[in-house]
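Asker: Predicted structure and sequence below. I'll ask about it afterward.
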There are 2 protein chains.
Amino acid sequence: MAAAEGQWVLMATGRSPTNIAVIKYWGKRDEALILPVNDSISVTLDPDHLSATTTVAVSPSFPSDRMWLNGKEISLSGGRFQSCLREIRKRARDFEDEKKGINIKREDWEKLHVHIASYNNFPTAAGLASSAAGLACFVFTLGKIMNVKEDYGELSSIARQGSGSACRSIYGGFVKWCMGKKDDGSDSIAVQLADETHWNDLVIIIAVVSSKQKETSSTSGMRDSVETSPLLQYRAQTVVPSRVLKMEEAIKNHDFESFAKLTCADSNQFHAVCLDTSPPIFYMNDTSHRIISLVEKWNHSEGTPQVAYTFDAGPNAVLIAQNRKTAALLLRKLLYYFPPEDKDLSSYLVGDKSILGDAGLHSIKDVEALPAPPEMKIPDQKFMGDVSYFICIRLGAGPKVVADESQALIDAVTGLPKGL
Amino acid sequence: MAAAEGQWVLMATGRSPTNIAVIKYWGKRDEALILPVNDSISVTLDPDHLSATTTVAVSPSFPSDRMWLNGKEISLSGGRFQSCLREIRKRARDFEDEKKGINIKREDWEKLHVHIASYNNFPTAAGLASSAAGLACFVFTLGKIMNVKEDYGELSSIARQGSGSACRSIYGGFVKWCMGKKDDGSDSIAVQLADETHWNDLVIIIAVVSSKQKETSSTSGMRDSVETSPLLQYRAQTVVPSRVLKMEEAIKNHDFESFAKLTCADSNQFHAVCLDTSPPIFYMNDTSHRIISLVEKWNHSEGTPQVAYTFDAGPNAVLIAQNRKTAALLLRKLLYYFPPEDKDLSSYLVGDKSILGDAGLHSIKDVEALPAPPEMKIPDQKFMGDVSYFICIRLGAGPKVVADESQALIDAVTGLPKGL
């Protein structure tokens, strides 16, 4: 090894977005390789508001691979991390930094250990696909530091082995995960359908729903569904393929009506398959149902969809509005039924807070003065406390290198997470 | 017409049970004739606690057909009542009561008008298949007074045209509604699989769940499902036929394990199809989910099902326990999580109240002292107020004539409901 003194620490930092599926992934045909039973399609969310940041450090002085998530050390021994590490190391190339006197040969990477620090800029437990952003970032940043030259398709296939939906976080905009046919999974990769500028009117509002229930993890939930739901295979083989084609068309043509109908129907069908599982899995709760009802009644009263909804493996509602004006109207309806418990609006709506101004909501007084949505026949019942907070967000780009070294999560001298 | 004076009033009173499907009926292939997309199987509930009582009066002095439900006049002009009236009148026969001087010829029935009074001994709005009991009783009692001699299969086919599931209330015990093949619906009839004495260990506890939501009627809900759910036809054509065969076997063999697994899976799949409908239909709420979770965890911890659950078009849980001992244990678990809001136990558990003694619950103090079910990992959270009341009930017999004339709902002199 050229850098023999063992004093250097080489670092790279990356940031990866999370994504929300509009055609859902639910069920694996291969548990180890994480090969799905159907294609899925997602939108990538703006990493400024929801993303994982990961710093990978390499040094001959590290005696073992270690990892910290949100400042807390976690085990890297799980099969999923190990798969990603192994696959990236396999593809590692010669690296040289003359200035720092670092020269790493392809075969050296097998012997060099890594320290990895990762941080989510949103609550991990909120059920907002933190593992998708995290594993995509893990693979992307490892690939950068190890000078991997493979294309993003191959990177997505590696990220897939960390967490299925992570493969879709390798791109921005609209992304399709092609299930592939091969037993080795090499063709189960993500492709970008369109980048985030293609349809940039869309505005997303996420309702983070309070939940007392312990939720079934998506890993064990989808395993149970594959084993016990009589409807899952029919969905995967017969329903999803035509929906994927229609969704691709809808995205290409900015056809919001089709996009919304497909998104809502597919979210509902995914939760139907969960309910058809034994024992049944309930991810949505009464609050989720109320939000669906609010959107369905509004869409119905307008005669054409204004907003699409989709729910992942938890009660949070992801609401996709056709444009900023619709998003502002949606926010008014949501805040009418789900006003904040404390009076601080700015901590109740995070992300792109400027939507509050568009909605004419400058203070809690404006929220209290909101009229009941006329399309809702339910009388004046409100559900304060049932939503923890809202996030307003746009579509966003794929993973990026964070060039500013001051943003690295690892200290270049100690090789340990900053602040430890 | 022999009874020319027009002074007589001829009356008959019948009582019919309600029923709960264990293999669900959801979806019609013919809306007018009420022909289903799949077979279904139900258990008939003890009419002492849940039933409809109907008195039909006939008199030449009645100028028109009229009906009262629970003391309130309702319109008989709906297609469903009219179908039943027409089909029974078609089959009416000569009737003679020498003592009263009544002699009605077959062809006279077309000209004689009826007064019908019906009463449910449980809340109509509670979502406990009141229409099944009501329409079965309507057809049964009309058939009695009009001296109809057709067998119960044909009566069930007429009741079916009043309310689909009413055809299953023509028999006690275990009943199968055969979907039939003919376009005219004449082979879409109910048959009895076994009477109520065949498997008389079963004890049913119904949790009547409080709900603020306005529910989708089953008529419009199943129409929407047929039109929009991609999963419904697959369920009807592929999943249900094998379940029906297995359920018949389970009933024949008193095989509670199979009975429970099929019952729970089919309830969940029916609700999955509701969720797969556009817009989605939610009949179960968070309380329903909690009751399912309680049963699933208990069944899992015992290694074999102790209790089956099934939910119709509403949030109420129908829990079928293997025997009285299991039902008493179930009641203790239910009352731990869902204690009564007021201190009166005897109005919180209706029907067969003796189960309270079996469960060792003699007063509210005993309920307050209940230990947390050990199989539930959730800490000490309780949900007072989420269940309105419980009903304990057994399987029961089919429709019966009420011979005691004092129990008639119509005054023999005025021809109008008593107490009007």
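Answerer: Noted; the coordinates are in hand. Numbers count the residues shown, from 1 in each chain, chains lettered A, B, ... in the order given.

Asker: Verify the stated contact: A:Trp68 with A:Val114.
Answerer: No: counting by CB atoms under 8 Å, A:Trp68 stays clear of A:Val114, with 11.8 Å between them. In this view, the C-beta of every residue, glycine as well, is placed from N, C-alpha and C.

Asker: So for those two, which sits in the more crowded spot?
Answerer: A:Val114 (24 against 19; other CB atoms under 10 Å in any protein chain shown).

Asker: who does the more buried one bridge with?
Answerer: A:Val58 (DSSP bridges).

Asker: isn't it right up against A:Val58?
Answerer: Yes: in this structure, A:Val114 is within contact of A:Val58 by CB under 8 Å, at 5.5 Å.

Asker: Common neighbours of those two, please.
Answerer: A:Ile145 (CB atoms under 8 Å, 6 or more residues apart in numbering or on different chains).

Asker: Stretch A:91-99: which residues count as buried?
Answerer: For stretch A:91-99, the buried set under the neighbour-count rule, 16 or more other CB atoms under 10 Å in any protein chain shown, comprises A:Arg91, A:Ala92, A:Phe95.

Asker: my bad, stretch A:365-384
Answerer: For stretch A:365-384, by 16+ other CB under 10 Å, it's A:Val367, A:Leu370, A:Pro373, A:Met376.

Asker: That one spans what distance, first to last residue?
Answerer: With CA to CA, to the nearest Å applied, stretch A:365-384 spans 15 Å between its terminal residues.

Asker: same thing with stretch A:344-359?
Answerer: Note: stretch A:344-359 ends 16 Å apart using CA to CA.

Asker: average pLDDT across it?
Answerer: Stretch A:344-359 carries an average pLDDT of 94.

Asker: roughly how far is it from the heart of the chain?
Answerer: 22 Å (CA atoms, centre = their mean, to the nearest Å).

Asker: Now flag whichever of the buried residues of stretch A:91-99 is closest to chain B.
Answerer: Closest approach to chain B among the buried residues of stretch A:91-99 (CB to the nearest CB): A:Arg91, at 41.0 Å.

Asker: Next up, the contacts around the closest one.
Answerer: By CB under 8 Å, 6+ apart, A:Arg91 lies in contact with A:Gly143, A:Met146, A:Val148, A:Lys149, A:Glu150, A:Glu154.

Asker: rerun at 6 Å
Answerer: A:Arg91 makes contact with A:Val148, A:Glu150, according to CB atoms under 6 Å, 6 or more residues apart in numbering or on different chains.

Asker: next one: A:Val114
Answerer: A:Val56, A:Val58, A:Asp65.

Asker: For stretch A:180-198, what is the distance to the chain centroid?
Answerer: Centre-to-centre, stretch A:180-198 and its host chain are 16 Å apart (CA atoms, centre = their mean).

Asker: Could you list the buried residues of it?
Answerer: If you call a residue buried by 16+ other CB under 10 Å, then stretch A:180-198 has these buried ones: A:Gly180, A:Gly185, A:Ser188, A:Ile189, A:Ala190, A:Val191, A:Gln192, A:Leu193, A:Ala194, A:Asp195, A:Glu196, A:His198.

Asker: next one: stretch A:317-332
Answerer: So for stretch A:317-332, counting by 16+ other CB under 10 Å, buried means A:317-322, A:324, A:326-332.

Asker: Identify all contacting residues around it.
Answerer: Outside stretch A:317-332, the residues that touch it by CB under 6 Å, 6+ apart are A:20, A:201-207, A:256, A:291, A:306-310, A:358-359, A:370.

Asker: Now which of those residues would you call buried?
Answerer: The neighbour count (16+ other CB under 10 Å) marks A:20, A:202-207, A:256, A:291, A:306-310, A:358-359, A:370 as buried among these.

Asker: Among those residues, name the ones in helices.
Answerer: Using DSSP state H, the members of the buried ones among the contacts of stretch A:317-332 that fall within helices are A:Phe256, A:Ile291, A:Asp358.

Asker: how close does the last one sit to A:Asp352?
Answerer: Distance, A:Asp358 to A:Asp352, using CB to CB, to the nearest Å: 10 Å.

Asker: Which residue comes closest to A:Val139 once chain neighbours are left out?
Answerer: Of all residues not flanking A:Val139 in the chain, A:Ala159 sits nearest, at 4.3 Å (CB to CB, 6 or more residues apart in numbering or on different chains).

Asker: Spit out the contact partners of the one you found.
Answerer: By CB under 6 Å, 6+ apart, the neighbours of A:Ala159 are A:Leu135, A:Ala136, A:Val139, A:Ala166, A:Cys167, A:Ile170.

Asker: what about it, which SS state?
Answerer: helix (DSSP: H, G, I helix; E, B strand; the rest coil).

Asker: okay, and the helix or strand of chain A with the least pLDDT?
Answerer: Least confident helix or strand of chain A, by mean pLDDT, DSSP states H and E, is helix A:345-348 with a mean of 92.

Asker: hmm, who's touching that one?
Answerer: A:Pro340, A:Ile364, A:Tyr389.

Asker: Intersect those with the contacts of chain B.
Answerer: Contacts with chain B are made by none of these, judged by CB under 6 Å from any CB of the partner chain.
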